[in-house]
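Structure of the sequence below:
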Amino acid sequence: MKKIFSFLTLIISALFVNAQILPLREQAKVVDEVLADRLNNLLPQLMDKNGIDMWVMITREYNEDPIVKTILPATWLNARRRTIIVFYNNAEKKVFKKLAVTRYAVGNEIQAAWDMQRFPDQWDALKNIIETYQPKKIAINTSENFGHADGLDYTEHDLLMKKLSPIYQQRVVSSEPLAVSWLETRTEREMQIYPQLISITHAIIAEGFSNKVITPGITSTEDLVWWFRQKVNDLGLTTWFHPSVEIQRNDAATFDHLKAFTNADVKNIIQPGDLLHVDFGITYLRLNTDVQEHAYVLKANETDAPVFLKDALAKTNRLQDILTTQFKENKTGNQILADALAQAGKENIKASIYTHPIGYHGHAAGPTIGLWDMQNGVPGSGDFPMHYKTCYSIELNAAHFIKEWNKEIRIMLEQDGYFDADGFRYINNRQTQLHLIK
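Now for the predicted structure:
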């Protein structure tokens, strides 16, 4: 009866995943609705908050600025020729303009503003817009700390500066604070969507960590990795990184962080008594997920995972709580990291924290809270403050000495969550029990 129930659960899970994924046409509709809301309601607020009255983005086809990619409509898969987009905001006069110095409008939200009869040269058209609105600051996408906000290439920057008069050259500033705010801030509509992405991710992991996919003694970690890739493709989804699957077991091998995320043992056969780990995520409706979970392969005489593994998972859940309790508005990633590690030390948890923002990108813009090889803080992105209405992948691990195996193992967890004025919450729960494979 239990076997029948498990099989039905897998069928229901598969149907549930398929039911959530919209056809492409409907996906495009949602993407454009979300984009319109962000452009018309969120962007003016962010420009006003960051003291930027003009934001100029310049990019070329197949060399797209990462931020421009988040502003193009669903039917624009790339920029076209040279695409110049200008946002102007004057809160006092209640003037907000969305202009494209292109041959035609960029979707329904950004109007074409290039009179080619008057300005045969595209740069002259941009110059005219700037001189017409006389911005106090002209923000361009250059950034030392965030690659996401550093999309203006050298050639375009050089051509822009040569075209501007000296007075406007002096008003050019980095868009970094505004650009990061645009990328990291999640709207109410997006937070209605995000739980669906993560529930899909969880359902795919649950299916992968089951006897439907894994036959102990036959299935390899590489088989499982490619099953995840194929599953994503079959569902009409994409992923922003290649999954990894790792095994920890009762043997002489020691933990290697690099090995854990590089699929080094591609021919490693999954066996009873193995502790499996997966790092997996999807891209859907322009948002991303990033999840790590564990499964245990039951031995013939077992009906549950060993207590020592369940205790290790619970202790790592505690580390998650320690970290997220430190989340405070305007507290930097480095401050959060230091305080969380200090508290973990007090509780005798051997911790490693490498949490990052998530959203339009998998490793997204915002405060970096440690890197696996930088546990004393991350200069630059780690000094960025935490803001409300932002999402994070709570990525970390805790080391546990397992006397039954006479070795140290790592429980490596990652779950996506949301932070606002009400505090931190997981968007679609987190793993508190090991997946079990017969």
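
drop to CA atoms for contacts and neighbour counts, all remaining ones
Will do.

Next, count neighbours for Val180.
By the measure other Cα atoms under 10 Å, the count of residues near Val180 is 20.

cool, Gly362 as well?
Quick note: Gly362 (other Cα under 10 Å) scores 21 neighbours.

Read off the pLDDT value for it.
pLDDT for Gly362: 95.

Tell me, how many residues neighbour the nearest residue to it once chain neighbours are set aside?
Nearest in space to Gly362, with sequence neighbours left out and distances taken as Cα to Cα, 6 or more residues apart in numbering, is Asn288 at 5.5 Å. Neighbourhood size, Asn288 [other Cα under 10 Å]: 24.

Ile247 too?
Ile247 sits with 21 neighbouring residues when counted by other Cα under 10 Å.

For the host helix or strand of it, buried residues please.
Under DSSP states H and E, the secondary-structure element containing Ile247 is strand 244-248. Taking 16 or more other Cα atoms under 10 Å as the neighbour-count basis, strand 244-248 is seen to contain the buried residues Ser244, Val245, Glu246, Ile247, Gln248.

need the residues you listed in a markdown table with distance to Asp383 and pLDDT, can you?
Conversion of these to a markdown table gives the following (distance: Cα to Cα, whole Å; pLDDT from 0 to 100):
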| residue | distance to Asp383 | pLDDT |
| --- | --- | --- |
| Ser244 | 30 | 96 |
| Val245 | 32 | 96 |
| Glu246 | 32 | 96 |
| Ile247 | 35 | 96 |
| Gln248 | 35 | 96 |
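
residue contacts, Leu164?
By Cα atoms under 8 Å, 6 or more residues apart in numbering, the residues touching Leu164 are Lys127.

going forward, begin numbering at 36 instead of 1
Sure, I'll start numbering at 36, so the last one becomes Leu199.

What confidence value was assigned to it?
Per the predicted model, pLDDT is 94 at Leu199.

Distance check, it against Trp149.
When distances are taken as Cα to Cα, to the nearest Å, Leu199 and Trp149 turn out to be 17 Å apart.

Ser416 too?
Relative to Trp149, Ser416 is positioned 37 Å away (criterion: Cα to Cα).

what do you get for Leu259?
According to Cα to Cα, Leu259 stands 52 Å off from Trp149.

more neighbours, these two?
Of the pair Leu259 and Trp149, Trp149 is the one with more neighbours under other Cα under 10 Å, namely 24 against 21.

what's the nearest residue to the more buried one once chain neighbours are set aside in contact with, if anything?
Using Cα to Cα, 6+ apart and skipping the chain neighbours, the partner closest in space to Trp149 is Val136 (5.0 Å). If you count contacts by Cα under 8 Å, 6+ apart, Val136 has them with Thr118, Ile119, Ile120, Val121, Ala147, Ala148, Trp149, Gln157, Ala160, Leu161.

Would you map out the domains in this structure?
When the chain is parsed with automatic domain parsing, its domains come out as 61-218, 222-472.

before we move on, back to that, thought the residue nearest to Gly397 was touching Tyr395?
Yes. Taking Cα atoms under 8 Å as the definition, Asn323 is a contact partner of Tyr395 at 6.4 Å.

tell me the helices in the chain, going along the chain?
If DSSP state H is used as the criterion, the helices of the chain fall at 37-55, 59-72, 78-84, 157-168, 189-198, 201-204, 211-219, 223-243, 256-269, 292-295, 342-360, 368-381.

Thank you kindly, that will do.
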